[in-house]
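[1] sharing a model that was predicted from the sequence below.
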Amino acid sequence: MPGIYQLPQSLQLRSQHSNLTLEGCHDGAELQAEPGNESKFLHGLIVLNRADSVTLRNLRFQLPISPFMGVGGKLTPFSEGEGFGEDFQKNLRVSIGIRPLHSALLTVQNCLFRFAVEKDVNLFAVGIFAGSECWGLKLLENRFLRDEEYLLLEQKTGQNEQRFLIGYLLAPALIPRKNAVNKLNIVLSLLQDGIIRDNRFTGLTTAILILADTGLVRIENNTVIECISGFWLTPIELGEILRTNLQTAILGISFPLPSFFDVSKLAQEYPVKFENIAGGKFENIAGIDRLSLSLHVLSNDIDAGIVEESMALSGPGLVIKRLNTQNRDRPITSSVILTANKIRRGKDLISNLGNAIENYTVLIDNVERCTVTGNVILNESAKDKRSLVISLDQEIRAIAAIAITGNVFQGEPSLPDRFNINTGSSTVSPPMNTWKFLNTVIE
């Protein structure tokens, strides 16, 4: 029935709740924390623990703001190197809607996730914060909204007012190993047969951040408005993770798993001491490339540009990054189809990260098969701006099959030359030997 439902604690769905549908009628039902019990929602309003084939439909989630350390929360110690030490954690608040863990065939449809922001606190807020393996995910027709105009403020916030707001986050989890000093276990993350369609993301730090072994995924007809950055899909090994979302990634990876989530059959030893993980550099993790990426990105409108009054950072609209050949456990072939999207990066960057910020709108990195057709990719930065960057290591460049046609680029694209993968040489004469000839580039 429609109405407001105040929960006394997180609603836990376990394996015995598989094949369950929770659906609000008519205008939907709103779920929120019971006033005074916010501390009981560290892991979100709804937690799925190995609950398969669950459908959540026509629900409104008022994300609760829960204290972190006050209820026993503690980040994996390696995160302290990224500025997430004890002072940060004491003032950290957590706000999560749904926490699916090792739950297959989850459908979230026509739901509203409403983010709230408090002043003078650090905030880590996620609409859907997934972990472990996610097979058959469907995110359909949802809205992820932040109403408060905190992004309009100049970036003069101190250590105790950092905010990370994410629509959908999938990340592995690092866990201190019992009875072993400075050693870690890791629970890997995986996404296969995913559909993310007709969703709307407004006023967030990042719309989607997927740090996982990723297979077949379709991202279609989504809208991103006034978000700092758009859609990011990167491997678990963050050896060269991009600075714009590094801190968000570190928070996701170092966030504790619920004590009731059994990791005994999921966790594997991580071979590096956490004191040696500098700047979020993960490497030498076994079993993280079981899947070959097959990504379809179609008809999305991604605006990674904050409103004009804002002094906040504007980041890339789309990042697709795969492992280079030296870090792969086995031969795999990734493919990306990028068609009929409008992707915009906003005006001048104002950030304390200096030259570390990536000044492009779209990055496709180390993908063997790629077609980019009929997109409008805009970068409105003042200088050194790039629209599309396609980056290939030497071994992948020799076998890559790429087509880039019929796009409009604002900002210089950085593209590989046209060449015959069988002969390794160009098959046409200048100027048609470059992909720019088949696209339009404007200032």
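    In hand now; what should we look at? Numbers count the residues shown, from 1 in each chain.
[2] only C-alpha atoms for contact and neighbour calcs from this point on.
    Fine.
[3] low-scoring pLDDT stretches of the stretch 301-443 of the chain, where are they?
    306-313, 324-331, 348-357, 382-383, 419-427 (pLDDT under 70).
[4] and the helices in it?
    Using DSSP state H, counting those that start in this stretch, the helices of the stretch 301-443 of the chain run over 394-399.
[5] just the strands in the stretch 151-300 of the chain please.
    For the stretch 151-300 of the chain, the strands defined by DSSP state E, counting those that start in this stretch cover 163-171, 173-176, 184-187, 190-192, 194-197, 200-202, 206-211, 213-214, 216-220, 223-225, 229-234, 267-270, 294-298.
[6] identify whichever of those lies nearest to I253.
    Among the strands of the stretch 151-300 of the chain, the nearest to I253 by Cα to Cα is strand 173-176 (4.7 Å).
[7] who are the packing partners of that closest one?
    Other helices and strands packing on strand 173-176, by 3 or more Cα pairs under 8 Å, 6 or more residues apart in numbering; DSSP states H and E, are strand 184-187, helix 246-254.
[8] what mean pLDDT would you report for it?
    What strand 173-176 shows for mean pLDDT is 86.
[9] restrict that strand to CA atoms and write it as CSV.
    What follows is strand 173-176, C-alpha atoms only, in CSV (Å, rounded to 0.1, in the frame of the first residue of the first chain):
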residue,chain,number,x,y,z
ALA,A,173,36.1,-5.8,-0.5
LEU,A,174,39.5,-5.9,1.3
ILE,A,175,39.4,-7.6,4.7
PRO,A,176,42.1,-7.8,7.3
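[10] direction included, what does it pair against?
    strand 184-187 (antiparallel) (DSSP bridges).
[11] related to what we said a few turns ago, can I get the helices and strands packed on strand 173-176 in TSV including distance to Q9, mean neighbour count and mean pLDDT?
    TSV is the format used below for these (distance: least, Cα to Cα, whole Å; neighbours: other Cα atoms under 10 Å; pLDDT from 0 to 100):
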stretch	distance to Q9	mean neighbour count	mean pLDDT
strand 184-187	25	21	86
helix 246-254	22	21	86
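[12] select, out of the ones you listed, the one closest to N199.
    Here helix 246-254 is closest among the helices and strands packed on strand 173-176 (Cα to Cα), at 21.1 Å.
[13] quick check: angle from that closest one to strand 163-171?
    Interaxial angle of helix 246-254 relative to strand 163-171 (axes from the mean of the first three to the mean of the last three Cα atoms, to 10 degrees): 50 degrees.
[14] can you tell me the closest non-neighbouring residue to I4?
    In space, and not counting its chain neighbours, I4 is closest to E30: 4.7 Å by Cα to Cα, 6 or more residues apart in numbering.
[15] please read off the pLDDT at the one you found from the model.
    93.
[16] do N160 as well
    Here the pLDDT value assigned to N160 is 53.
[17] quick one, what contacts S387?
    By Cα atoms under 8 Å, 6 or more residues apart in numbering, the residues touching S387 are 360-362, 377-379, 409-414.
[18] 7 Å instead, please
    Residues in contact with S387 (Cα atoms under 7 Å, 6 or more residues apart in numbering) are 360-362, 377-379, 409-413.
[19] any idea how far G3 is from it?
    46 Å (Cα to Cα, to the nearest Å).
[20] over to I253?
    Distance of I253 to G3, given as Cα to Cα: 35 Å.
[21] now H17: closest residue in space, sequence neighbours ignored.
    A51 (6.0 Å).
[22] can you redo the helices and strands packed on strand 173-176 as JSON lines with distance to I208?
    Output for those, formatted as JSON lines (distance: least, Cα to Cα, whole Å):
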{"stretch": "strand 184-187", "distance to I208": "20"}
{"stretch": "helix 246-254", "distance to I208": "11"}
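[23] and these: which comes nearest L123?
    Judged by Cα to Cα, the one of these that comes nearest to L123 is helix 246-254, at 10.8 Å.
[24] relative orientation of that closest one and strand 206-211 in degrees?
    Using the same axes, to 10 degrees: helix 246-254 against strand 206-211 is 50 degrees.
[25] show me what helix 246-254 is packed up against.
    strand 163-171, strand 173-176 (3 or more Cα pairs under 7 Å, 6 or more residues apart in numbering; DSSP states H and E).
[26] and L190, which of those is closest to it?
    Nearest to L190 among the helices and strands packed on helix 246-254 is strand 163-171 (8.2 Å), distances taken as Cα to Cα.
[27] which strands border that closest one, and is each parallel or antiparallel?
    strand 122-131 (parallel), strand 206-211 (parallel).
[28] now the angle from that strand to strand 229-234?
    Going by the same axes, to 10 degrees, strand 163-171 makes 30 degrees with strand 229-234.
[29] for strand 163-171, C-alpha coordinates in CSV please.
    The C-alpha atoms that make up strand 163-171 are tabulated as CSV, following Å, rounded to 0.1, in the frame of the first residue of the first chain:
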residue,chain,number,x,y,z
ARG,A,163,31.3,14.1,0.2
PHE,A,164,31.1,11.1,-2.0
LEU,A,165,27.6,10.5,-3.6
ILE,A,166,27.3,7.5,-6.0
GLY,A,167,24.2,6.2,-7.7
TYR,A,168,25.4,2.6,-8.3
LEU,A,169,28.7,1.2,-6.9
LEU,A,170,30.1,-2.3,-7.3
ALA,A,171,33.4,-2.9,-5.6
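[30] what comes up buried for that strand?
    Within strand 163-171, the residues that count as buried by 16 or more other Cα atoms under 10 Å are 163-171.
[31] what's it in contact with?
    122-131, 144, 189, 201, 204-212, 248, 252-253.
[32] residue contacts, I225?
    201-203, 302-304.
[33] widest-spaced pair of these?
    The farthest-apart pair in those, when distances are taken by Cα to Cα, is G203 and I302, at 12.2 Å.
[34] re the thing from before, between the strands of the stretch 151-300 of the chain, which gets the lowest average pLDDT?
    Mean pLDDT values for those show the minimum at strand 267-270, a mean of 80.
[35] so what secondary structure elements neighbour that one?
    Here strand 267-270 touches strand 184-187, going by 3+ Cα pairs under 7 Å, 6+ apart.
[36] so what touches the strand it packs on?
    132, 172-177, 266-270, 273-274.
[37] that one: how far from the chain's middle?
    Averaging C-alpha positions (Cα atoms, centre = their mean, to the nearest Å) puts strand 184-187 20 Å from its chain's average.
[38] cool, stretch 247-259 as well?
    With Cα atoms, centre = their mean, you get 13 Å for stretch 247-259.
[39] residues near G72, how many?
    10 (other Cα atoms under 10 Å).
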